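Undergrad: For reference, the sequence and a predicted model appear below.
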Amino acid sequence: MTTNAQTPTKLYYEDVQVGDEIPKLVKSPVSHLQLVRYAGASGDFNPLHTDPKIGEMLGIGGIIAHGMLIMGFVGQMLSDYVGPTAVREFGVRFKSMTHLDDVITCTGTITEKYEANGEARVAGKVQAADQTGDVKVTGTFVAALPRRA
Amino acid sequence: MFDKSKIGQSFPPFTIEVERGKIRELALAIGDDNPIYQSREAAQAAGYPDVPLFPTAPTMLVFWGNEKMVGQIASLGINLAGVLHGEEKYEYLAPIYPGDVLTGVMTLVDGKTRQGQGGSSIDILTVEIRYTNQHGQPVLNAREVIIARS
């Protein structure tokens, strides 16, 4: 059986402490073009995310972003922080809708350090919020980090 | 209201090959221009054997891998109009790289109905997709909570 490999990150287990903040990620404003691109990339073609007429019909103020796009923003922050292959668990709850031109900021904090499956792991909580502080997603993650030799 | 007898039901397996170009497309759509997602060469230069899976790539595996998914969810007896995505969670069990051929099995693992005002109700369903690779090794579990108004 292949096991999860150590990640080529520069971040070591010893360098991370409970309470550390993950470097925040501020995204460009969500645009209609981005939602069209994301629909094609992800394969989620629900017209709620691309057709303004549907959003108006449903009374939600035009099109809304895919929740998974916002989770993707948080994924980018984690990818930058620990590297994608370090991630062992990643989950979010969707709290509110994201509209065009919203500026999403992703943040996170380390909550735990522990050993499991022979790996040195860190756990943390993450969130994404817009320019007014409205929280779009909250979540948690677990990542395995290399130890300093 | 969804059909409670469907809890525990699995749908026929689907397969999808992990493609380098799709990982690149997803990363760029999200606005992540990290070179490790752009080419094998850049990924290798950063110490990866190939382009790594973007952390939320599992969503793409199911939408592109299982075109019947929407119909399968509907067959559980929920109202697809006004469906909301409540939660999404991934457990990564082993490495996944381009060229891997994954088989996913989707199961309705939990479900409940909450009564609302005026006779309305809300169905809250949890579906799980367990993926194995071409060697039969479990590599990924994806859980999704779907909220549907009846």
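TA: Done, it's in.
Undergrad: On the C-terminal side of the worst-scoring helix or strand of chain A on mean pLDDT, identify the next helix or strand.
TA: Taking mean pLDDT, DSSP states H and E as the measure, helix A:52-57 is the helix or strand of chain A with the lowest mean score, a mean of 82. As assigned by DSSP states H and E, the chain's next helix or strand after helix A:52-57 is helix A:67-82.
Undergrad: Kindly report the residues of chain B close to chain A.
TA: Near chain A, the residues belonging to chain B are B:22, B:25-32, B:34, B:36, B:46-48, B:52-56, B:59-60, B:63-64, B:82, B:84-95, B:135, B:137, B:143 when assessed by C-beta under 8 Å from any C-beta of the partner chain. (Glycine included, C-beta is placed from N, CA and C.)
Undergrad: per-residue pLDDT, B:L80?
TA: If you check B:L80, the pLDDT there is 79.
Undergrad: Name the nearest residue to it, ignoring sequence neighbours.
TA: In this structure, B:L80 finds its nearest non-sequential neighbour in B:A74, 5.3 Å apart by C-beta to C-beta, 6 or more residues apart in numbering or on different chains.
Undergrad: Number of residues surrounding that neighbour?
TA: 13 (other C-beta atoms under 10 Å in any protein chain shown).
Undergrad: Tell me the spacing between it and B:I124.
TA: Taking C-beta to C-beta, to the nearest Å as the measure, B:A74 falls 16 Å from B:I124.
Undergrad: Please apply the same query to B:D50.
TA: Using C-beta to C-beta, B:D50 is found at 38 Å from B:I124.
Undergrad: ok, now B:R149?
TA: Separation of B:R149 from B:I124 (C-beta to C-beta): 11 Å.
Undergrad: cool, A:S96 as well?
TA: Look at A:S96 and B:I124: by C-beta to C-beta, they are 17 Å apart.
Undergrad: higher neighbour count, B:R149 and B:I124?
TA: B:I124 (18 against 14).
Undergrad: Can you tell me the element B:V109 falls in?
TA: Here B:V109 is assigned to strand B:101-115, by DSSP H and E.
Undergrad: So which residues of chain B form helices?
TA: B:20-30, B:40-45, B:58-65, B:69-74 (DSSP state H).
Undergrad: Can you report the mean pLDDT over the residues of the third one?
TA: Read that as helix B:58-65. 94.
Undergrad: Using JSON lines, lay out the helices of chain B together with distance to B:T113.
TA: Shown next, in JSON lines, are the helices of chain B (distance: least, C-beta to C-beta, whole Å):
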{"stretch": "helix B:20-30", "distance to B:T113": "34"}
{"stretch": "helix B:40-45", "distance to B:T113": "46"}
{"stretch": "helix B:58-65", "distance to B:T113": "24"}
{"stretch": "helix B:69-74", "distance to B:T113": "16"}
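Undergrad: Check chain A and tell me which residue is nearest its centre.
TA: A:V74 (1.6 Å; C-alpha atoms, centre = their mean).
Undergrad: just checking, that residue touches A:T138?
TA: No - A:V74 is beyond contact range of A:T138, at 9.5 Å (criterion: C-beta atoms under 8 Å).
Undergrad: shared neighbours of those two, anything?
TA: Taking C-beta atoms under 8 Å, 6 or more residues apart in numbering or on different chains as the contact rule, A:V74 and A:T138 both touch A:92, A:126-127.
Undergrad: Between these, which sits nearest A:E119?
TA: A:E119 has its nearest neighbour among these in A:V126, at 19.9 Å by C-beta to C-beta.
Undergrad: Could you check the pLDDT of the closest one?
TA: A:V126 is given a pLDDT of 98.
Undergrad: and it, what are its bridge partners?
TA: For A:V126, the beta-bridge partners are A:G108, A:G139 (DSSP bridges).
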